[in-house]
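Novice: I'd like to go over a predicted model; first the sequence, then the structure.
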Amino acid sequence: MKVFQYSSRRAVAVLFTALVTLALGGCASPTGITIDYSPSSTKTAQGSVNVGDFKYSAVDPKTSKPMPQDVIRNTAMGEIKLDREVAKFVRDAVFTELRFVGVKVIPDGKLLTGDIEEFFIDDLGYSIDWTYRVKYTVQDKASGKVLYAGVKNIQRKTNKFGNPLGVLKENIKMSIEALLDDPEFVKAIN
């Protein structure tokens, strides 16, 4: 009986070590994690806008230096490195989601840009605390006049052993939905 207990403990330890190695191996990949964004909002909207460039201005508080453009700040070992710049990933997600809900994404007229001020995953402990903050701006392309400026801040606590990449994408969607719920934004794109 003791042999079975020892073997099952050993099997659990080996399995745990293998899972941790796989998880950290993905985070430390030199090419970064590939994440595809699929639009999923159930909202509808009207209007038209050109989705311009986004920037990633998050700062590492430990060093007071800008975060690398392809890394999402987190507290666990390793880093969350994407296979492309965070700003490009978010910009493409905004483009896709707006088009999906019914906004005409056109090259002329009004220009939507964004500044990702914070993208932080606090994954120490038994849960994950997420902070995702974006400043969105809509300008009239011809005059340069700012028609809308607003910050959407998503803060959530989720289960640690769920689907973190799914939650990451959900946070982006929630920010876009908060933008669509803002009557000043809707007015600016109509």
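Specialist: Perfect, I can see it now. Numbering: from 1, shown residues only.
Novice: make it CA atoms for all contacts and neighbour counts henceforth
Specialist: OK.
Novice: All the strands of the protein, residue numbers only.
Specialist: Remark: strands assigned in the chain by DSSP state E are 48-56, 59-60, 65-66, 71-74, 80-81, 104-105, 110-122, 127-140, 146-159.
Novice: For residue 36, which residues are in contact?
Specialist: For residue 36, the contact set (CA atoms under 8 Å, 6 or more residues apart in numbering) is empty.
Novice: hang on, the earlier thing: do you know which of the strands of the chain lies nearest residue 189?
Specialist: In terms of CA to CA, the element of these nearest to residue 189 is strand 48-56, at 5.5 Å.
Novice: buried sites along that closest one?
Specialist: Buried residues in strand 48-56, counted by 16 or more other CA atoms under 10 Å: 48-51, 54-56.
Novice: Report the helix or strand with the lowest average pLDDT across the protein.
Specialist: Counting by mean pLDDT, DSSP states H and E, the weakest-scoring helix or strand in the chain turns out to be helix 2-27, with a mean of 45.
Novice: Was I right to think residue 184 contacts residue 148?
Specialist: Yes. In this structure, residue 184 is within contact of residue 148 by CA atoms under 8 Å, at 6.7 Å.
Novice: neighbour-wise, which of these two wins?
Specialist: Taking neighbours as other CA atoms under 10 Å, residue 184 and residue 148 compare with residue 148 leading, 17 against 14.
Novice: what separates the more buried one from residue 40, distance-wise?
Specialist: 25 Å (CA to CA, to the nearest Å).
Novice: Same check on residue 48?
Specialist: 19 Å.
Novice: how about stretch 144-162: buried residues?
Specialist: Buried-residue list, stretch 144-162, by 16+ other CA under 10 Å: 147-149, 151-154.
Novice: do stretch 62-78 as well
Specialist: Neighbour counts over stretch 62-78 (16+ other CA under 10 Å) mark 67-74 as buried.
Novice: what about residue 44, neighbour count?
Specialist: Neighbourhood size, residue 44 [other CA under 10 Å]: 13.
Novice: check contacts around it.
Specialist: 101-102.
Novice: ok, now how distant is it from residue 120?
Specialist: Taking CA to CA, one finds residue 44 at 29 Å from residue 120.
Novice: again, but for residue 57
Specialist: Relative to residue 120, and taking CA to CA, residue 57 is found at 12 Å.
Novice: Distance to residue 36 and mean pLDDT added to the strands of the chain, as a markdown table?
Specialist: Below are the strands of the chain laid out as a markdown table (distance: least, CA to CA, whole Å; pLDDT from 0 to 100):
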| stretch | distance to residue 36 | mean pLDDT |
| --- | --- | --- |
| strand 48-56 | 18 | 98 |
| strand 59-60 | 25 | 94 |
| strand 65-66 | 25 | 96 |
| strand 71-74 | 16 | 94 |
| strand 80-81 | 14 | 92 |
| strand 104-105 | 20 | 96 |
| strand 110-122 | 17 | 97 |
| strand 127-140 | 18 | 96 |
| strand 146-159 | 20 | 97 |
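Novice: Alright, I will stop here.
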